[in-house]
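Participant: take this sequence and fold it.
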Amino acid sequence: MALRLRDLRINQVPFWYQQFIREEDILDEDGNLTGETQKVYSNPVMAYARISPSTGQAESSPFGINTDYDKAISTVQNLPIDEYSRLFIDIVPIINADGSTDTEPDYYCVVPKKDLQQNVWAVKKIRAAIGDGNQTD
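Facilitator: Take a look at the predicted model:
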């Protein structure tokens, strides 16, 4: 009963996630391989779930004592979020006409923990280095 109470609509907030699809080679302007790759993600999908306030203390963590995370997402829904997923929690992505986005995500999944009754994901904030919007902790 207590698990279902957490999933009440009043406790849920919207967020978006992107699933990792593949890595593809980067080509230069002449169509030659550069030797670098880029990750390709799905279009953002909106979902609703309970998202904890900033956290990460091991004493109350269902993820163990060595997991470093900033927030936890919980729901009874079986969402396809895994360690390769990107999340938009504190920002709303601007969705293009084709469903894609140019907005950079602000979280990534650290640990998914799925159960028969409740699914929980530990997520970590993406912290950009000065001059580089793609570096994480």
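Participant: look up how far residue 46 lies from residue 95.
Facilitator: Distance from residue 95 to residue 46, counting by C-beta to C-beta, to the nearest Å: 9 Å. For glycine as for every other residue, the C-beta is placed from the backbone atoms N, C-alpha and C.
Participant: could you do residue 52 as well?
Facilitator: Residue 52 is 19 Å from residue 46, by C-beta to C-beta.
Participant: neighbour count for these two, which is higher?
Facilitator: Between residue 52 and residue 46, counted using other C-beta atoms under 10 Å, residue 52 has the larger neighbour count: 15 against 12.
Participant: next, the contact list for the more buried one, please.
Facilitator: Contacts for residue 52 (C-beta atoms under 8 Å, 6 or more residues apart in numbering) come out as 71, 72, 73, 74.
Participant: format those as a markdown table; extra columns: secondary structure.
Facilitator: Conversion of the contacts of residue 52 to a markdown table gives the following (DSSP: H, G, I helix; E, B strand; the rest coil):
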| residue | secondary structure |
| --- | --- |
| 71 | strand |
| 72 | strand |
| 73 | strand |
| 74 | strand |
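Participant: what's the most distant pair in the residues you listed?
Facilitator: Using C-beta to C-beta, the contacts of residue 52 span at most 10.2 Å, a distance reached by 71 and 74.
Participant: need the three-state assignment for the nearest residue in space to residue 33 that is not next to it in sequence.
Facilitator: Of all residues not flanking residue 33 in the chain, residue 25 sits nearest, at 5.4 Å (C-beta to C-beta, 6 or more residues apart in numbering). What three-state DSSP gives for residue 25 is strand.
Participant: dig out what residue 25 forms beta bridges with.
Facilitator: Taking DSSP bridges as the rule, residue 25 bridges to residue 37.
Participant: which residues does residue 47 contact?
Facilitator: Under the criterion of C-beta under 8 Å, 6+ apart, the neighbours of residue 47 are 14, 15, 16, 17, 75, 77, 79.
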